[in-house]
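*Asks:* I would like to see how this sequence folds:
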Amino acid sequence: MNAVVAWLEHRQIGLYLVAIVAAGVIGLAAPGAYHLEGAIEPVLALLLFATFLGVPFAAIGKSLRDGRFLAAVGVLNFVVVPLVAYGLSRFVADEQALLFGVLLVLLTPCIDYVIVFAGLAGGASERLLAAAPLLMLAQILLLPLYLLLFIGPEGVAVVEIGPFARAFLLLIVVPLTAAALVQALARRHRSGVVIERTMLGLMVPLMIATLFTVVASQAGAVGDSLGQLLVLVPIYAGFLVVMAALGIGAGRIFRLDAPATRALVFSGATRNSLVVLPLALALPASLSLAPVVVVTQTLVELIGMVIFVRLIPRLIPRPRRQIEPKAA
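*Replies:* Numbering: from 1, shown residues only. Below is the predicted model of the structure:
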């Protein structure tokens, strides 16, 4: 078992790329692949449950007192990102559905699999976990304001809190509570230890399952509107590049260490597409293309995250410890 887990972890990046490509092919070739959409939330919830199990809850409590990191995450996501999102959205300002979809997804910071990808890159995942509830609450409050500023009153009228609250409950509260209970059980009974080890050993397969489910279920919708969506690819790719640079800069300004800066970069670059997708699906017919705009961002971002896992640790290396001479 340990050998299998080690093999998967050593080859995880390549396996993620294979999963994305295979899912894209199946999603385009199989007409019924969109039915996998119903499996996105359960698979993602399992992935986050395994992720939360790997984070000591004592570390989460400490991170909540880390005002500097929380301030950096807040400024990057709710001051810097809106400016970048507004600038990039000007390329589709003449298409109402494209404009609404781009702003909807770029203005909402990720609260779920960003924790996984940041952890894979050596980022401070426990700090992102502590920040997740605050990020969720802030985006619920600020999204209508930004849409009012960037689109007008019609942008605010279609925003509903329901999908956000449901996603917060299913993807954060439930997995987090379950992980806390299992960690408490593991301190008293071997059964808790077995659950912990099993779920942590399933991290790579669960990530593969999540990537496959998301891409396969949405590839067909993207393929059907590919001509209209091609303009979005450079916008979303440009967002990743710009936010990587700005995230590194923000880490320096706030004097964060390497793990915290890596986590900050991932927080600024990843968006809450899986949470806002139900919101986009509930939009009126005049904005029927908006859900596919959101899905396109998901596909671009997933590929970008696979690259980020390898690239960000090189851009933000841990400082070398000075080696002291041994005493004679």
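*Asks:* helix or strand next in line after the host helix or strand of Ala130, which one?
*Replies:* Taking DSSP states H and E as the definition, one finds Ala130 inside helix 125-150. Downstream of helix 125-150, the first helix or strand assigned by DSSP H and E is helix 153-157.
*Asks:* residues in contact with the helix or strand following that following helix?
*Replies:* Where DSSP H and E defines the elements, the next helix or strand beyond helix 153-157 is helix 162-168. With Cβ atoms under 8 Å, 6 or more residues apart in numbering as the contact definition, helix 162-168 has outside contacts at 41, 111, 133, 136, 139-140, 274-276, 278-279, 282. In short, each C-beta sits where N, CA and C put it, glycine included.
*Asks:* output helix 162-168 in CSV with nothing but the alpha carbons.
*Replies:* The C-alpha coordinates for helix 162-168 follow below in CSV (Å, rounded to 0.1, in the frame of the first residue of the first chain):
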residue,chain,number,x,y,z
GLY,A,162,-28.4,30.5,-2.1
PRO,A,163,-25.7,28.8,-4.3
PHE,A,164,-22.9,30.4,-2.2
ALA,A,165,-24.4,29.3,1.1
ARG,A,166,-25.0,25.7,-0.2
ALA,A,167,-21.5,25.4,-1.5
PHE,A,168,-20.0,26.8,1.8
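*Asks:* run the chain-centre distance for it.
*Replies:* Relative to its chain's centre, helix 162-168 lies at 16 Å (Cα atoms, centre = their mean, to the nearest Å).
*Asks:* quick thing: my sequence starts at 27, can you match it?
*Replies:* Right, with 27 as the first residue, what we last looked at is helix 188-194.
*Asks:* average pLDDT across that helix?
*Replies:* For helix 188-194, the mean per-residue pLDDT is 75.
*Asks:* follow-up on the earlier one: next, format the contacts of helix 188-194 as CSV and append distance to Asn103, pLDDT and neighbour count.
*Replies:* As requested, these are exported to CSV (distance: Cβ to Cβ, whole Å; pLDDT from 0 to 100; neighbours: other Cβ atoms under 10 Å):
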residue, distance to Asn103, pLDDT, neighbour count
Glu67, 23, 85, 18
Ile137, 11, 82, 27
Pro159, 14, 79, 15
Met162, 11, 80, 22
Gln165, 8, 88, 21
Ile166, 13, 82, 15
Leu300, 17, 76, 21
Val301, 14, 76, 26
Val302, 14, 83, 26
Pro304, 21, 74, 17
Leu305, 18, 76, 24
Ala308, 24, 72, 15
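*Asks:* now do stretch 98-108: distance to the chain's middle.
*Replies:* For stretch 98-108, the distance to the chain centre is 15 Å (Cα atoms, centre = their mean).
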